[in-house]
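K.L.:
Fold the following for me, if possible:
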Amino acid sequence: MNTYLFKIELLSNKVIQQKIDYVHNNSVEEGLVYKAEDYVYSSAIDYSGQKKLVGEVIVFRDFYI
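P.N.:
Prediction:
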(Lines give C-alpha, C1' and ligand atoms only; values in the text may rest on other atoms or scores of the structure.)
Protein backbone atom coordinates (compact mmCIF):
# COMPACT_ATOMS: atom_id res chain seq x y z
CA MET A 1 0.00 0.00 0.00
CA ASN A 2 1.44 3.34 -1.02
CA THR A 3 0.91 6.25 1.29
CA TYR A 4 1.45 9.74 0.00
CA LEU A 5 2.03 12.44 2.53
CA PHE A 6 1.49 16.01 1.57
CA LYS A 7 1.37 19.32 3.32
CA ILE A 8 -1.79 21.42 3.44
CA GLU A 9 -1.08 25.03 4.22
CA LEU A 10 -3.72 26.55 6.43
CA LEU A 11 -3.47 30.06 5.08
CA SER A 12 -6.97 31.32 5.76
CA ASN A 13 -9.84 30.96 8.18
CA LYS A 14 -11.89 29.43 5.38
CA VAL A 15 -9.38 26.61 4.80
CA ILE A 16 -8.97 25.99 8.53
CA GLN A 17 -12.75 25.76 9.01
CA GLN A 18 -13.03 23.44 6.01
CA LYS A 19 -10.52 21.02 7.56
CA ILE A 20 -12.18 21.14 10.99
CA ASP A 21 -15.58 20.45 9.42
CA TYR A 22 -14.12 17.55 7.44
CA VAL A 23 -12.70 15.91 10.56
CA HIS A 24 -15.90 16.47 12.55
CA ASN A 25 -18.08 14.98 9.81
CA ASN A 26 -16.09 11.76 9.37
CA SER A 27 -18.14 9.92 12.00
CA VAL A 28 -21.37 11.06 10.32
CA GLU A 29 -20.18 10.00 6.86
CA GLU A 30 -19.25 6.56 8.22
CA GLY A 31 -22.72 6.16 9.72
CA LEU A 32 -21.53 6.01 13.32
CA VAL A 33 -23.78 8.90 14.43
CA TYR A 34 -26.44 11.17 12.97
CA LYS A 35 -24.82 14.40 14.19
CA ALA A 36 -21.11 15.08 14.60
CA GLU A 37 -21.76 16.36 18.13
CA ASP A 38 -23.02 12.91 19.16
CA TYR A 39 -19.72 11.14 18.54
CA VAL A 40 -18.11 10.73 21.95
CA TYR A 41 -14.52 11.12 20.70
CA SER A 42 -15.17 14.24 18.64
CA SER A 43 -14.47 17.85 19.53
CA ALA A 44 -17.48 18.86 17.40
CA ILE A 45 -19.55 19.43 20.53
CA ASP A 46 -17.04 22.07 21.63
CA TYR A 47 -17.58 23.94 18.38
CA SER A 48 -21.38 23.64 18.53
CA GLY A 49 -21.80 25.64 21.72
CA GLN A 50 -23.36 22.70 23.57
CA LYS A 51 -22.17 21.15 26.83
CA LYS A 52 -18.55 20.25 26.40
CA LEU A 53 -16.97 16.83 26.85
CA VAL A 54 -14.03 18.38 28.72
CA GLY A 55 -14.53 21.63 30.60
CA GLU A 56 -11.07 23.01 29.93
CA VAL A 57 -11.10 22.83 26.12
CA ILE A 58 -10.41 26.19 24.53
CA VAL A 59 -11.90 26.55 21.07
CA PHE A 60 -10.29 29.08 18.76
CA ARG A 61 -12.87 30.25 16.25
CA ASP A 62 -10.82 32.98 14.59
CA PHE A 63 -7.37 32.28 13.29
CA TYR A 64 -4.97 35.08 12.52
CA ILE A 65 -2.00 34.74 10.26
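
K.L.:
Which residue comes closest to residue 35 once chain neighbours are left out?
P.N.:
In this structure, residue 35 finds its nearest non-sequential neighbour in residue 28, 6.9 Å apart by Cβ to Cβ, 6 or more residues apart in numbering. The way it works is simple: take the backbone N, C-alpha and C, and place the C-beta from them, glycine included.

K.L.:
Could you measure from the one you found over to residue 6?
P.N.:
Distance, residue 28 to residue 6, using Cβ to Cβ, to the nearest Å: 25 Å.

K.L.:
same check, this time on residue 18
P.N.:
From residue 18 over to residue 6 the distance is 16 Å, taken as Cβ to Cβ.

K.L.:
Tell me which of those two has more neighbours.
P.N.:
residue 18 (12 against 4; other Cβ atoms under 10 Å).

K.L.:
next one: phi and psi at that one?
P.N.:
Main-chain dihedrals, residue 18, degrees, to the nearest 10: phi -60, psi -40.

K.L.:
Poorly predicted segments of this structure, please.
P.N.:
For the chain, residues meeting the criterion pLDDT under 70 lie at 1-5, 51-65.

K.L.:
any idea which helix or strand comes after the host helix or strand of the residue nearest to residue 35?
P.N.:
Assigned by DSSP states H and E, residue 28 belongs to helix 13-29. Reading on from helix 13-29 to the C-terminus, the next helix or strand found by DSSP H and E is helix 44-48.
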